[in-house]
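Asker: the sequence and its predicted three-dimensional model are supplied below.
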Amino acid sequence: MSKKSHVVVRSASTELPTLYGKFTIYVYRTSNGREQSALVLGDVTKKTPLVRIHSQCLTGDTFGSLLCDCGAQLQKSLEIIGKEKAGVLVYLNQEGRGIGLTSKIKAYVLQHAGLDTVAANEALGFPADARDYSVAAAILRDLKIKKIRLLTNNPDKIEQIEKNGIMIEKRIPLEIEPTKFTAKYLKTKKEKMRHLLSKV
């Protein structure tokens, strides 16, 4: 995806105690009218901070769906950042790999009928992954962060973040053990979306 220019405006912030530490939550409004957020723990200016850029997944993050690894990745990221006592979690409002909740649930119907996650999105007329990480780069710049250690398995995320001016010092894998529900999903991520997965 080509480099884009996004303006982010910080609209609110406050302390947010969590199970993983006392974060500061920042809310942003972006040029596309959406609200985005970032959780910041500790001093992220002393050394290259640990960063997770996580796209919203209502079914996995909130409802505990077993069909994906999103909720588990979110919790593991917060746990890792909490143990390090410093880091950032950028939480992006781009449900269903950027296609929205309604289309995501329609894609689930197709998956239940036998299509994999990529084929289901494409059958609905969407790309395999429509997510845009330039907003995350803009948020990191607002937080005065130019270089990061990134928690991800996704090479597209790495490429987009670097194209948008954030240097990645190190990629840190964030793998979740496959289950009977996620094995096909993770295999598709690896084979069709180039995700760097060693457990499938």
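Answerer: Arrived safely, thanks for sending.
Asker: all contacts plus neighbour counts: C-alpha atoms, from now on.
Answerer: Noted.
Asker: Tyr26 belongs to a helix?
Answerer: No - counting by DSSP: H, G, I helix; E, B strand; the rest coil, Tyr26 is not found in a helix; it is strand.
Asker: name whatever forms a beta bridge with it.
Answerer: Tyr26 has these beta-bridge partners by DSSP bridges: Ser13, Ala38.
Asker: what number of residues lie near it?
Answerer: 20 (other Cα atoms under 10 Å).
Asker: measure it to Val9 for me?
Answerer: With distances taken as Cα to Cα, to the nearest Å, Tyr26 is found 10 Å from Val9.
Asker: swap in Lys76?
Answerer: For Lys76, the distance to Val9 - Cα to Cα - is 28 Å.
Asker: now swap in Pro127 and tell me
Answerer: For Pro127 relative to Val9 (Cα to Cα), the value is 29 Å.
Asker: cool, Ile25 as well?
Answerer: 14 Å.
Asker: who's more crowded, these two?
Answerer: Under the neighbour definition other Cα under 10 Å, Ile25 and Val9 were set side by side, and Ile25 has more, 19 against 16.
Asker: excluding its backbone neighbours, what's nearest that one?
Answerer: Sequence neighbours aside, Leu39 is the residue nearest to Ile25 in space, at 4.6 Å (criterion: Cα to Cα, 6 or more residues apart in numbering).
Asker: ok, now Pro17?
Answerer: Phe23 (5.9 Å).
Asker: element containing the one you found, please.
Answerer: With elements taken from DSSP states H and E, the one containing Phe23 is strand 21-30.
Asker: repeat for Lys157
Answerer: Using DSSP H and E, Lys157 falls within helix 155-163.
Asker: give me the pLDDT value at the closest residue to Val8 other than its chain neighbours.
Answerer: Distance criterion Cα to Cα, 6+ apart; nearest residue to Val8, sequence neighbours excluded, is Thr30 at 4.6 Å. At Thr30, the model reports a pLDDT of 88.
Asker: helix or strand next in line after the helix ranked longest in the chain, which one?
Answerer: Determined from DSSP state H, the single longest helix within the chain is helix 70-84. Where DSSP H and E defines the elements, the next helix or strand beyond helix 70-84 is strand 87-92.
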